[in-house]
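*Asks:* okay, structure incoming, though there's no sequence with it:
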Ligand code: TYD
């Protein structure tokens, strides 16, 4: 299991038998939140970049149940990482307030997204500069002092 800026690759048990594989993802058991919403992304070309947003509230698990894609995550404090999703029994946990880009989709990619909340457009931050501003505000709030000029 790898861990980076709160983003974490989770490995799910494979309950396979001679009939094939079975992977179970239960809320508050295999993943750290109750499941409120699922959606899935497929048919995205290799040059498409999706996501390009951060969420104020929602947590996500991303699973490439078929094919592969990459996810770049940024915490707005100078840390970033790229994860390759290519195994249906692993899922990438993404906490709130992480900027995410999904890209490099294979033709057969089906990216399953499990979310901790129902869809609410207001909790999406789709402008990267705004994301940096919000992170900066939160950071200075936690430290109780101005962080102006800090990266
Ligand atoms: P978007 O968030 O841009 O997709 P992605 O992150 O995969 O690039 O969503 C595309 C459109 O679908 C946008 O108009 C919002 C809508 N949408 C919903 O209505 N409900 C949802 O749960 C999601 C994820 C998107």
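*Replies:* It's in. Since this is a predicted model, take the numbers as computed values, not measurements.

*Asks:* which residue is nearest the middle of the chain?
*Replies:* Closest residue to the average C-alpha location of the chain: residue 94 at 3.8 Å, with C-alpha atoms, centre = their mean.

*Asks:* dump the residue contacts of it.
*Replies:* Contact analysis of residue 94 by C-beta atoms under 8 Å, 6 or more residues apart in numbering lists 7, 59-62, 71, 73, 100. Any C-beta I mention is one placed from the backbone N, CA and C, and that applies to glycine too.

*Asks:* which of the residues you listed sit farthest apart?
*Replies:* Maximum pairwise distance in the contacts of residue 94, criterion C-beta to C-beta, is 14.3 Å, between 59 and 71.

*Asks:* would you agree residue 67 is in contact with residue 112?
*Replies:* No - applying C-beta atoms under 8 Å, one finds residue 67 not in contact with residue 112, separated by 11.2 Å.

*Asks:* compare these two (neighbour count), which wins?
*Replies:* residue 112 (19 against 16; other C-beta atoms under 10 Å).

*Asks:* and stretch 58-72, end to end?
*Replies:* 17 Å (C-alpha to C-alpha, to the nearest Å).

*Asks:* please apply the same query to stretch 88-102.
*Replies:* 16 Å.

*Asks:* buried residues of that stretch, list them for me.
*Replies:* The neighbour-count check on stretch 88-102 (16 or more other C-beta atoms under 10 Å) flags 88-95, 97-102 as buried.

*Asks:* next helix or strand past the helix or strand of the chain with the lowest mean pLDDT?
*Replies:* Taking mean pLDDT, DSSP states H and E as the measure, the chain has strand 3-4 as its least confident helix or strand, at a mean of 46. Downstream of strand 3-4, the first helix or strand assigned by DSSP states H and E is strand 7-11.
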